[in-house]
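Participant: for reference, the sequence and a predicted model appear below.
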Amino acid sequence: MKNTFSSKLFSHIVLILASLMFLLPVWVIVASSTHSPETIVNNGLQFFTGHNFINTYKSILFENSGYTKNVTAFRMILNSFIMAMGFAVGKVIISSMAAYAIVYFRFKLATFLFWLIFLTLLLPIQVRIVPSFEVLADLHLLNSYTGLIIPLIASATGTFFFRQYFKSVPEELLEAAKMDGANSWHFFIDILMPLSKTMSAALFIVMFIVGWNQYLWPIMMTTDPQYSTILLGIKEIYQSNFEGTYLPEFNRAFAMTTLALIIPVLMVLFFQRLFVKGLVDGDK
Amino acid sequence: MKKVQFNNKFIPYLFVSPQIIIILVFFIWPSIMAIYYSFVMQDAFGVSTQFVWFQNYKDALLNSDYYSSFGFTLIFSTLVTFFSLGTGLFLAHKTNSMIKSRGIYRTLLMWPYALAPAVVGLMASFFFNQSHGDVYHFLNQLGWKFDPTSDPFSAQAMLVFIASWKQVSVNFIFFLSGLQGIPKSVLEASFIDCKSNSKRFWTIIFPLLAPTTFFLFITNITYSFFDTFGMIDTTTRGTPMGETKTLAYKIYQDGFLGADIGGSSAQSVILMLFVLIITIFQFKYLEKKVHY
């Protein structure tokens, strides 16, 4: 009895320490964002929150900043949101459609097209970076939401996710629907997709986070700060803090960091079950 | 595939076409271009182009920079995979042994998934910074002359640490759901057969997790190769002298920033072959196995 008690206690201590190891660094950044720049420069990072919260956040959200002084953090968050939303919704739509064709139809090129989709797994953006940029430039898609979103949604993960799920849907469903005279379009829209609501939501949540956290693609794609995402915004503000000669405004950099991480973190916390489902079921 | 299917010659193409068109335009075409560029040499203005066979590959492969980047990528990905897999498994096992507090620890340990590698890198750039960073001063007080801007080992150690830190949550989530999927009857039988906790873990539970471990192994390797890009770009950017450049980061620097299209494309093609190999490997071993 004593043995299990002490081993339980040990497990608790380990897990609490591990939790703190992840929580603490992020917390001190968040807490320090509510202090004045002087406090941070003179006394370092702060564990407790300060009194500068409203000032700092109001000014970064609504006043123009950055190198060019013509974009607000609000605008950058909006851009990140549009990109993440477009990416996640687009991914759910095109990958459910493609998976539907592959699972529910018998057609000549099915295998070939499946392998073509599969091939995207072999071609992460890092290995085709220069030509991808050229294609976007040729199509006049640099500095546009279309260019930020569309190229990213074609990768295979979502299609595999839906393919796996559609295969687990009972055969009788289609037989019954056919008996009732449903055509392929009605079956997809009125029967299969409503049935896949949970799966779609799960994939949506994972993809929203993946989309929000995109970094390399927006760096290549955007030169106009009006299309800058919040991740690019914080990179710039950190750089100017480290390289600048004035009093570094780390409070602003930390506030931007807080804004950049708060939305995806809240999504994971609120939709925990769906999120785990989307992650674990999808990648198998 | 389904036994009952629709028989229509035209409609399935309609359904796959959006994805296929995007793939052709934004994946296949750029990749073909990358392969083409890897065989030609352009002058500085892009006016004349000359077919040079494997010259770009020779230049890339015979360059000591490439080897140091290759070596770093290999060691980096091995260490990151080892540390983050190990920590993830350990924490998942501990969490799974809890009854009442399991849900709380699960939440406390999985949320870092939501942090972007670039955000982690930026936070680290502060913590490990000479003039303000707490971790920097702490490490120096311990007696380690830690300085990521001038000492390659410090910079590499820092990257291994933050890249592992970021990746623990993914491994944790997968291992925990794997552990929870192991049937109760198997666990009960194992309790009867084997009294020692650690022996039970290594001889019964860990082998049952093998497919998950294998899947995560591949995931972690690709993460270290590609997704750490944002982390490197926000911390060392390859400094002190190129010792912290992964292969993917080198392609970006040479091709996108340095405008060495041929050399960067040759490196891209080599990396594509590498991903091809691990993907084949993955599918050969993965498809048939059962996940718990």
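Facilitator: Sure thing, it's come through. Numbers count the residues shown, from 1 in each chain, chains lettered A, B, ... in the order given.
Participant: so where is the stretch 151-292 of chain B shaky, pLDDT-wise?
Facilitator: For the stretch 151-292 of chain B, the stretches with pLDDT under 70 are B:286-292.
Participant: get me the contact residues on it for chain A.
Facilitator: B:165, B:168-170, B:173-174, B:177, B:197, B:215, B:219, B:222, B:226, B:229-230, B:233-234, B:248, B:251-252, B:255-256, B:261, B:264-265, B:268-269, B:271-272, B:275-276, B:279, B:291 (C-beta under 8 Å from any C-beta of the partner chain). Every C-beta, even on glycine, is put in place using the N, C-alpha and C of the backbone.
Participant: these in strands, which ones?
Facilitator: In strands, defined here by DSSP state E, there are no members of those.
Participant: quick one: buried ones out of those?
Facilitator: Buried members of these, scored by 16 or more other C-beta atoms under 10 Å in any protein chain shown, are B:165, B:168-170, B:173-174, B:177, B:215, B:219, B:222, B:226, B:229-230, B:233-234, B:248, B:251-252, B:255-256, B:261, B:264-265, B:268-269, B:271-272, B:275, B:279, B:291.
Participant: name the nearest residue to A:Ala202, sequence neighbours excluded.
Facilitator: Spatially, and ignoring its direct neighbours in sequence, A:Ala202 is nearest to A:Gly278 (3.3 Å; C-beta to C-beta, 6 or more residues apart in numbering or on different chains).
Participant: so that neighbour sits right up against A:Ile209, yeah?
Facilitator: No: between A:Gly278 and A:Ile209 there is no contact under C-beta atoms under 8 Å: 9.4 Å.
Participant: all strands of chain B, in order?
Facilitator: So, for chain B - with DSSP E - the strands run B:40-42, B:49-51.
Participant: what helix or strand is the residue nearest to the spatial centre of chain A on?
Facilitator: Taking C-alpha atoms, centre = their mean, the centroid of chain A lies closest to A:Ile209, which sits 2.2 Å from it. Assigning secondary structure by DSSP states H and E places A:Ile209 in helix A:197-212.
Participant: next helix or strand past that helix?
Facilitator: Past helix A:197-212, the next helix or strand by DSSP H and E is helix A:216-221.
Participant: where does the residue nearest to A:Ala202 land in three-state SS?
Facilitator: Look at A:Gly278: counting by DSSP: H, G, I helix; E, B strand; the rest coil, its state is helix.
Participant: what number of residues lie near the residue nearest to A:Phe271 when sequence neighbours are not counted?
Facilitator: Setting aside the residues directly before and after it, A:Phe271 is nearest to A:Ile205 in space (C-beta to C-beta, 6+ apart), at 5.0 Å. Residues within reach of A:Ile205, counting by other C-beta atoms under 10 Å in any protein chain shown, total 24.
Participant: so what's A:Ile205 up against?
Facilitator: A:88, A:267-268, A:271, A:274-275, A:278 (C-beta atoms under 8 Å, 6 or more residues apart in numbering or on different chains).
Participant: just give the nearest non-adjacent residue to residue 150, would you?
Facilitator: Using chain A. Leaving aside its sequence neighbours, A:Ile150 is closest to B:Ile22 (6.1 Å, by C-beta to C-beta, 6+ apart).
Participant: should've been chain B
Facilitator: Distances taken as C-beta to C-beta, 6+ apart place B:Pro240 nearest to B:Ser150, at 5.6 Å, with adjacent residues excluded.
Participant: now the residue nearest to the centre of chain A: how far from B:Thr228?
Facilitator: From A:Ile209 across to B:Thr228, the span is 17 Å (C-beta to C-beta, to the nearest Å).
Participant: and the residue lying closest to B:Val160 once chain neighbours are set aside, how close does it get to chain A?
Facilitator: Distance criterion C-beta to C-beta, 6+ apart; nearest residue to B:Val160, sequence neighbours excluded, is B:Leu79 at 4.8 Å. Remark: distance between B:Leu79 and chain A (C-beta to the nearest C-beta, to the nearest Å) = 18 Å.
Participant: circling back to that earlier point, pull the distance from the helix holding A:Ile209 to the chain's centre.
Facilitator: The chain centroid and the centroid of helix A:197-212 are separated by 9 Å, computed with C-alpha atoms, centre = their mean, to the nearest Å.
Participant: what about the residue nearest to A:Ala202, neighbour count?
Facilitator: 24.
Participant: how near is it to A:Gly158?
Facilitator: In terms of C-beta to C-beta, A:Gly278 sits 10 Å off from A:Gly158.
Participant: need the residues touching each of those two.
Facilitator: By C-beta under 8 Å, 6+ apart, the residues touching both A:Gly278 and A:Gly158 are A:203, A:207.
Participant: and A:Ile117, how far from A:Ser33?
Facilitator: Taking C-beta to C-beta, one finds A:Ile117 at 43 Å from A:Ser33.
Participant: B:Gly262 too?
Facilitator: Taking C-beta to C-beta, one finds B:Gly262 at 45 Å from A:Ser33.
Participant: for B:Met272, same thing?
Facilitator: Taking C-beta to C-beta, one finds B:Met272 at 41 Å from A:Ser33.
Participant: cool, B:Gln167 as well?
Facilitator: Look at B:Gln167 and A:Ser33: by C-beta to C-beta, they are 25 Å apart.
Participant: now do B:Ser64
Facilitator: For B:Ser64, the distance to A:Ser33 - C-beta to C-beta - is 43 Å.
Participant: buried set for the helix or strand hosting A:Asn42?
Facilitator: Using DSSP H and E, A:Asn42 maps to helix A:37-43. Going by neighbour count (16+ other C-beta under 10 Å), the buried part of helix A:37-43 is A:37, A:39-40.
Participant: with stretch A:107-116 instead?
Facilitator: In terms of neighbour count (16+ other C-beta under 10 Å), stretch A:107-116 has its buried residues at A:107, A:110, A:113-114, A:116.
Participant: that stretch near chain B at all?
Facilitator: Yes: applying C-beta under 8 Å from any C-beta, one finds stretch A:107-116 in contact with chain B at A:107, A:109-110, A:113, A:116.
Participant: could you dump the residues you listed into JSON lines with pLDDT and secondary structure added?
Facilitator: Converted to JSON lines, those look like this (pLDDT from 0 to 100; DSSP: H, G, I helix; E, B strand; the rest coil):
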{"residue": "A:Phe107", "pLDDT": "85", "secondary structure": "coil"}
{"residue": "A:Leu109", "pLDDT": "87", "secondary structure": "coil"}
{"residue": "A:Ala110", "pLDDT": "85", "secondary structure": "helix"}
{"residue": "A:Leu113", "pLDDT": "90", "secondary structure": "helix"}
{"residue": "A:Leu116", "pLDDT": "88", "secondary structure": "helix"}
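Participant: wait, which of those is closest to chain B?
Facilitator: Closest approach to chain B among those (C-beta to the nearest C-beta): A:Phe107, at 4.5 Å.
Participant: the residue nearest to A:Ile150 reaches A:Ala156, doesn't it?
Facilitator: No: between B:Ile22 and A:Ala156 there is no contact under C-beta under 8 Å: 11.6 Å.
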